[in-house]
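Asks: Any chance you can model this:
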Amino acid sequence: MNAAATATPLPAEWRDFFALTKPRVMSLVIFTGLCGLLAAPGSIHPVIGFTAILCIAMGAGGAGALNMWLEADIDALMRRTEKRPLPAGRLRREDARDFGVLLSAASVGIMGVGVHWLAAALLAFSIIYYAVFYTLWLKPRTPQNIVIGGGAGAFPPLIGWVAVTGEITLMPLILFAIIFIWTPPHFWALALFVKTDYAKAGIPMLPVVRGERTTRHQILAYSIAMLPVAIAPWAIGGTGPLYGISAAALSLAFLALAVPIGLRQSGEGDAMVPEKRLFKFSIFYLFALFAMLVVDSTIVQSGGST
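Replies: From the prediction side, this is the model:
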């Protein structure tokens, strides 16, 4: 029997429920959702805008809680996740499930009634995509889990955009594509230096199933593909040159960090410094890219020139 099943639940604290929402992941979700909302053409009442971002955060938190509920046994086997509330025995699995369902349902309902039903539908689909399609079907079955599952984390800017405009156009789809293409090299860089954990838990991540060499080549391939996708908003006239130049510079820096990873092979006792460096930079990259999108959009919408 595993630790998640045998541990005696300790008194739960609010911090444990907060941990179920995956705060680090949620911070990125909130930020990209907010950027999509701020960069969208048109205007939105501040209260409605706040409601939209709150719903995106609640939806992401609910999906994270459902993910932890479904993966409690797996988390107990991995050093990176064994101290989470469920495998550590600080919460009952039923409480995590109910918390996740409550957050998810409330987020979709409030988004529909208070903001827009198309945005609510996209939010509902993103929750199901992550909690069911990715967690239950993709992650335990295919080494391409991150590629296809990356769509779950790509919805926030699309939802934020739709909250303002009420429609899906090319620009928010490109924002979706940016995160979709960014996700594989981001997570595979992590998977390279924690692959033992994934192998122990029986998760078919690419480094475990296809090997390190294939994973490194895939990281490089996606990093190359990210350059044209990142500058696409500028190419279609959706942003000014400030964003375009920033996107090109950031993407070239990303590629420069990915090249040595794609061309090298780790040895015994390797500290995986290049992989850890790319993983950390990839987080900065996405924050900086979307921040420049908002700055550029603000200048353009105010009548200035970038």
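Asks: only C-alpha atoms for contact and neighbour calcs from this point on.
Replies: Noted.
Asks: count of residues packed around the closest residue to Met292 other than its chain neighbours?
Replies: Once its chain neighbours are removed from consideration, Met292 has its nearest residue in Tyr243; the separation is 5.6 Å (Cα to Cα, 6 or more residues apart in numbering). Other residues within reach of Tyr243 by the criterion other Cα atoms under 10 Å amount to 25.
Asks: Report the separation between Tyr243 and Asp95.
Replies: The span separating Tyr243 from Asp95 equals 44 Å under the rule Cα to Cα, to the nearest Å.
Asks: pretty sure the residue nearest to Met292 contacts Val300?
Replies: No - with contacts defined as Cα atoms under 8 Å, Tyr243 does not count as touching Val300, sitting 10.8 Å away.
Asks: that older thread, what score does the residue nearest to Met292 have for pLDDT?
Replies: The per-residue pLDDT reported for Tyr243 equals 97.
Asks: again, but for Arg216
Replies: Reported pLDDT at Arg216 in the predicted model: 94.
Asks: can you pull the contacts of it?
Replies: With contacts taken as Cα atoms under 8 Å, 6 or more residues apart in numbering, Arg216 has the following neighbours: 261-264.
Asks: one more time with 7 Å, if that's ok
Replies: Under the criterion of Cα atoms under 7 Å, 6 or more residues apart in numbering, the neighbours of Arg216 are 261-262.
Asks: what's the helix or strand for it?
Replies: Secondary structure from DSSP states H and E places Arg216 in helix 212-235.
Asks: tell me which residues of that helix are tucked away?
Replies: Neighbour-count burial for helix 212-235 flags 212-213, 215-227, 229-234 (criterion: 16 or more other Cα atoms under 10 Å).
Asks: What of stretch 239-248?
Replies: Of the residues in stretch 239-248, those buried by neighbour count under the rule 16+ other Cα under 10 Å are 239-240, 242-244, 246-248.
Asks: Run the chain-centre distance for that stretch.
Replies: Here the centre of stretch 239-248 is set off from its chain's centre by 23 Å, with Cα atoms, centre = their mean, to the nearest Å.
Asks: quick one: the host helix or strand of Leu278 to helix 212-235, angle?
Replies: The secondary structure element spanning Leu278 is helix 273-301 (assigned by DSSP H and E). Here helix 273-301 runs at an angle of 10 degrees relative to helix 212-235 (axes from the mean of the first three to the mean of the last three Cα atoms, to 10 degrees).
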